[in-house]
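A.B. asks: coordinates only, sequence not included:
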């Protein structure tokens, strides 16, 4: 058996792990690289795999950094199946179609305004490519074993990260290999807590927050503080929002504030077709979350859901105070750019960051205090106040990761630490050694590891 990390090693993006068992090739996740230009350029590089030899793709969850490369895989010749949960399939459909649309629009805009080195600029993939990808999906229930062949079987276990997200447990010739994907919080806002399992001969664990401890604060009160602060200035509160999970969490918390009559009289918008569609998926998969019918009705009545582009333009051009949730969460594209274009240069307005910002993204630049950011081919002065709520994270922190690991009865032969910036992964490695006494290694990009 051999593991090769084709993404998500030394970084939090582009997750792809190839498991080879004899002549069988299994790809765990198929994510898009985001952030730094040197990482994004890897999306244009061919994978070192003969796609005719790839047998199956297993998907831990729908986020773009775990699913966003799938249309390229299909376009380049992969003809097999993509296995995931039903909720992951529904969310991945939304995410891939949106990604294809954004890439088409960015290529068109770059060509129209001439800010491209490529003549012409071409999207990595299109909406049609995304639609073709969806034909390859096959869904499976959690907590059940399913065969891949006579020697390999798999099981999905809830990981508590986003709707439908799972740990992947593979049994191969009597050995158990567990892929964590992304691990959620011990007490998620909307989801059921992640599962535990007693055994892993080999474990692949994420380390996004391998060196961080999330603050124990009231997210509800933090959110209200920034809403009231921006309202007192007569400004617009812009919340770059991940359309899956984070958007639904914020809408839920705002609806609670509304029920408690704590909100100022201010309109609230979710201006994201993907966010609107993802919210509907949440309501469809009632068994995968903890929302009550009353919660759902309150969420629907509190926030204006904006999908059509004309409605979006009208909200952008309305200068009155408002709260706007819009994608993308790291400000790498999407409708949030139109709000920033209009409002980020005015100090009465605010930007509230509510999620992880990868290196090289505009969101990371805002948090670093940069005076300007570039989009739409030009630089924009940052005069709006920038705030961050750290406690929103959908990733387990260092303590939560260690507590999760402690439920494994006997130490794995080897634990691979991936999906983290180098200092985060290295810190988790040190903690695993000192607190658990386990053997672990930080995964390296494009390096192969042989399993006994």
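C.D. replies: Looks like it arrived, so ask away. This is a predicted model, so every value here is computed, not measured. Numbers count the residues shown, from 1 in each chain.

A.B. asks: can you give me the helices for the stretch 151-300 of the chain?
C.D. replies: Assigned by DSSP state H, counting those that start in this stretch, the helices in the stretch 151-300 of the chain fall at 219-232, 246-259, 273-284, 293-302.

A.B. asks: packing partners for the first one?
C.D. replies: Helices and strands touching helix 219-232, as assessed by 3 or more Cβ pairs under 8 Å, 6 or more residues apart in numbering; DSSP states H and E, comprise strand 236-240, helix 246-259, strand 350-353. Just so you know, the C-beta spots here come from the backbone N, C-alpha and C atoms, and that holds for glycine as well.

A.B. asks: Would you mark the buried spots in stretch 361-370?
C.D. replies: Buried residues in stretch 361-370, defined by neighbour count with 16 or more other Cβ atoms under 10 Å: 361, 362, 363, 364, 365, 366.

A.B. asks: which stretches of the stretch 1-150 of the chain have low pLDDT?
C.D. replies: 116-117 (pLDDT under 70).

A.B. asks: how about the strands of it, start to end?
C.D. replies: Under the criterion DSSP state E, counting those that start in this stretch, the stretch 1-150 of the chain contains strands at 2-7, 16-21, 24-28, 56-58, 81-84, 137-139, 145-147.

A.B. asks: and residue 48, which of those strands is closest to it?
C.D. replies: Nearest to residue 48, of all the strands of the stretch 1-150 of the chain, is strand 2-7, at 7.3 Å by Cβ to Cβ.

A.B. asks: so how far is that closest one off the chain centroid?
C.D. replies: Its chain's C-alpha centre and that of strand 2-7 lie 20 Å apart, by Cα atoms, centre = their mean, to the nearest Å.

A.B. asks: Can you name the residues in contact with it?
C.D. replies: For strand 2-7, the surrounding residues in contact (Cβ atoms under 8 Å, 6 or more residues apart in numbering) are 13-20, 31, 33, 42, 47-49, 69, 202, 204, 416, 418, 443-451.

A.B. asks: Run through the helices of the stretch 1-150 of the chain in chain order.
C.D. replies: Ranges of helices in the stretch 1-150 of the chain, per DSSP H, counting those that start in this stretch, are 37-40, 64-67, 70-75, 86-113, 127-134.

A.B. asks: just how off-centre is the first one within its chain?
C.D. replies: By that I understand helix 37-40. Counting by Cα atoms, centre = their mean, helix 37-40 comes out at 18 Å from the chain centroid.

A.B. asks: what's the closest of the helices and strands packed on helix 219-232 to residue 164?
C.D. replies: Of all the helices and strands packed on helix 219-232, helix 246-259 sits nearest to residue 164, with 12.8 Å by Cβ to Cβ.

A.B. asks: who's in contact with that closest one?
C.D. replies: Contact with helix 246-259 is made by 189-190, 219-220, 223-224, 227, 239, 241, 263, 268, 270, 272, 275, 278-279, 282, 291, 295, 298-299, 301-303, 323, 325, 327, 329, 354-355, 392, 394, as judged by Cβ under 8 Å, 6+ apart.

A.B. asks: again, only using 6 Å
C.D. replies: Identification of contacts with helix 246-259 by Cβ atoms under 6 Å, 6 or more residues apart in numbering yields 189-190, 220, 223-224, 241, 263, 275, 279, 282, 298-299, 302-303, 325, 354-355.

A.B. asks: In it, which residues are buried?
C.D. replies: Using 16+ other Cβ under 10 Å as the test for burial, helix 246-259 gives 246-258.

A.B. asks: Repeat that for stretch 100-110.
C.D. replies: Buried, per 16+ other Cβ under 10 Å, within stretch 100-110: 100, 101, 102, 103, 104, 106, 107, 110.
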